[in-house]
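>>> pasting the structure only:
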């Protein structure tokens with residue numbers, strides 16, 4: 001992770017699955033409160049997810065991001081190893097993808113889990129992560145905290161992902177780190193910070209907060225669901241294939257919405273000037 005070695009059984013572990021409690025909403029809520037996440041295998045219809053995968057690969061191919069000497073279905077990274085950003089003007093035309101992330105399947109799950117009609121943020125995050133890329137540890141609240149705090153992320157692999165593709169990595173129980181919620185969890189990456197990542201060094205967080213990391217190989221159609229105060233990032237993609245995934249947000253329709261992530265051009269609010277670095281803020285917070 002960011003070039004730092006994590007060892008299974010020592011500093012990184014297999015997460016626990018929640019499929020056996022999927023029909024018990026109270027058990028799901030208790031698990032979320034305790035662990036901070038729900039890993040549900042084969043949540044979506046696999047054929048629908050694979051259709052979304054192909055749609056994204058076709059877009060990447062048309063833009064010259066894939067290796068033209070390899071079959072499209074491999075998703076092999078082109079010689080330039082570029083990391084495409086799938087902006088809203090692209091996403092609104094990804095109909096197979098939108099059928100997955102706006103599906104009755106996920107909306108019904110949250111209606112039961114949260115107990116009411118559901119809204120999903122207009123801002124969608126399909127990702128094609130290049131070789132060598134990683135994501136530092138962060139809370140999502142620092143990026144989308146201007147609305148309800150009772151907002152949930154659903155991370156979904158759009159491919160079968162081995163660990164070398166740079167899978168999601170996270171810290172079980174980090175939702176209960178009160179010191180982080182009171183400090184870092186009050187920040188806003190749009191206005192306060194030049195970087196929303198708490199740290200790029202997974203060992204830093206193990207040492208400072210006593211967390212453990214978790215990750216696993218994923219299959220297309222699995223999901224990991226977590227709240228806004230949950231430390232997560234990704235392992236390094238050390239493969240020659242894009243890591244195709246998506247992370248999207250869901251909440252009760254009755255609760256306040258972060259309008260920066262709504263409308264035809266979401267998250268286009270100019271960032272504030274002269275913001276502090278994460279190092280400066282951590283020193284100020286004493287963490």
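Okay, I see it. Being a predicted model, the structure only gives us computed values, none of them experimental.

>>> shaky segments in the stretch 151-287 of the chain?
The model of the stretch 151-287 of the chain has no residue with pLDDT under 70.

>>> which residue ranges form the strands in it?
With DSSP state E, counting those that start in this stretch as the criterion, the stretch 151-287 of the chain has strands at 152-157, 168-170, 213-214, 223-227, 232-234, 243-252.

>>> right, and those - which one's nearest residue 9?
With C-beta to C-beta as the measure, strand 213-214 is the member of the strands of the stretch 151-287 of the chain nearest residue 9 (11.5 Å). Using the backbone N, CA and C atoms, a C-beta is placed for each residue, glycine as well.

>>> What is the closest one packed up against?
Strand 213-214 sits against strand 12-13, strand 168-170, with contacts defined as 3 or more C-beta pairs under 8 Å, 6 or more residues apart in numbering; DSSP states H and E.

>>> Can you tell me how far the closest residue to residue 277 other than its chain neighbours is from residue 238?
Leaving aside its sequence neighbours, residue 277 sits nearest to residue 194 (C-beta to C-beta, 6 or more residues apart in numbering; 5.3 Å). As defined by C-beta to C-beta, to the nearest Å, residue 194 lies at a distance of 27 Å from residue 238.

>>> what's the closest of the helices and strands packed on strand 213-214 to residue 116?
Across the helices and strands packed on strand 213-214, closest to residue 116 is strand 168-170 (C-beta to C-beta), at 26.8 Å.

>>> Need the residues that contact the closest one.
With contact meaning C-beta atoms under 8 Å, 6 or more residues apart in numbering, strand 168-170 is reached by 1, 6, 12, 15, 36-37, 155, 202, 213-215, 218, 224, 226, 230-235, 245.

>>> what do you get for stretch 14-31?
By C-beta under 8 Å, 6+ apart, stretch 14-31 touches 8, 35, 37-42, 112-113, 170, 172, 214-216, 224.

>>> any idea what sits nearest residue 264, other than its immediate chain neighbours?
In space, and not counting its chain neighbours, residue 264 is closest to residue 88: 7.1 Å by C-beta to C-beta, 6+ apart.

>>> that older thread, hang on, the residue nearest to residue 277 packs against residue 279?
No. Counting by C-beta atoms under 8 Å, residue 194 stays clear of residue 279, with 9.8 Å between them.

>>> Residue 6 and residue 12 touch, don't they?
Yes. Using C-beta under 8 Å, residue 6 is in contact with residue 12, at 4.0 Å.

>>> ok, these two, which is more surrounded?
Comparing residue 6 with residue 12 by neighbour count (other C-beta atoms under 10 Å), the higher total belongs to residue 12, at 22 against 18.

>>> So residue 194 and residue 279 - more neighbours on which side?
In this view residue 194 and residue 279 are compared by other C-beta under 10 Å, and residue 194 has more residues nearby, 15 against 11.

>>> List the contacts of that one.
Neighbours of residue 194 in contact, by C-beta under 8 Å, 6+ apart: 275, 276, 277, 278.

>>> Wait, the last one touches residue 200, no?
Spelled out, it's residue 278. No. If you go by C-beta under 8 Å, residue 278 and residue 200 don't touch, sitting 9.4 Å apart.

>>> Between those two, tell me which one has more neighbours.
Ranked by neighbour count (other C-beta under 10 Å), residue 278 and residue 200 place residue 278 first, with 22 against 17.

>>> so who does the nearest residue to that one once chain neighbours are set aside touch?
Ranked by C-beta to C-beta, 6+ apart and with sequence neighbours excluded, the top spatial neighbour of residue 278 is residue 195, at 5.0 Å. For residue 195, the contact set (C-beta under 8 Å, 6+ apart) comprises 136, 189, 277, 278.

>>> what's the answer for residue 282, then?
With C-beta under 8 Å, 6+ apart, residue 282 has these contacts: 184, 198.
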